[in-house]
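Peer 1: Turn this into a structure:
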Amino acid sequence: CGFPPFYADNDAQLYEKIKRGEFEFLRPYWDPISLEAKDMVRRMLTVDPKKRITCEEAMQHPWLRSEASHLTEEIATVRGT
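Peer 2: All right, here's what the predicted structure looks like:
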């Protein structure tokens with residue numbers, strides 16, 4: 001959507017929200033973003049590293065796998081293969 005899900009009136013408040021993992025997907029800006037994409041963002045922004053999605057898990061996330069599949073198809077179309 002073009003900007004992060006963190007918002008605050010000043011840098012100090014913003015930093016505190018980031019540290020606490022307080023964010024929201026503001027409407028209408030995040031409305032066109034799929035639920036799977038938002039799920040991946042939520043998992044990546046989990047504050048507790050023990051609960052946060054790992055790189056390996058992220059590579060297997062349904063949204064990333066779907067996007068990778070679409071990209072592969074687009075590249076094949078451009079190449080004419």
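Peer 1: ok, and what's touching the helix or strand bottoming out on mean pLDDT in the chain?
Peer 2: Ranked by mean pLDDT, DSSP states H and E, the helix or strand of the chain with the weakest confidence is helix 62-79, at a mean of 82. For helix 62-79, the external contacting residues (C-beta atoms under 8 Å, 6 or more residues apart in numbering) are 34, 36-37, 39-40, 58. For every residue, glycine as well, the C-beta is placed using N, CA and C.
Peer 1: got the contact list for I53?
Peer 2: I53 makes contact with 40, 43-44, 46, 61 under the criterion C-beta under 8 Å, 6+ apart.
Peer 1: ok, 7 Å please
Peer 2: Shown in contact with I53 (C-beta atoms under 7 Å, 6 or more residues apart in numbering): 43-44.
Peer 1: Please determine how far it is located from V78.
Peer 2: According to C-beta to C-beta, to the nearest Å, I53 and V78 sit 31 Å apart.
Peer 1: Y15 too?
Peer 2: Y15 is 42 Å from V78, by C-beta to C-beta.
Peer 1: Then K50?
Peer 2: From K50 to V78 the distance is 42 Å (C-beta to C-beta).
Peer 1: Appreciated, that's everything.
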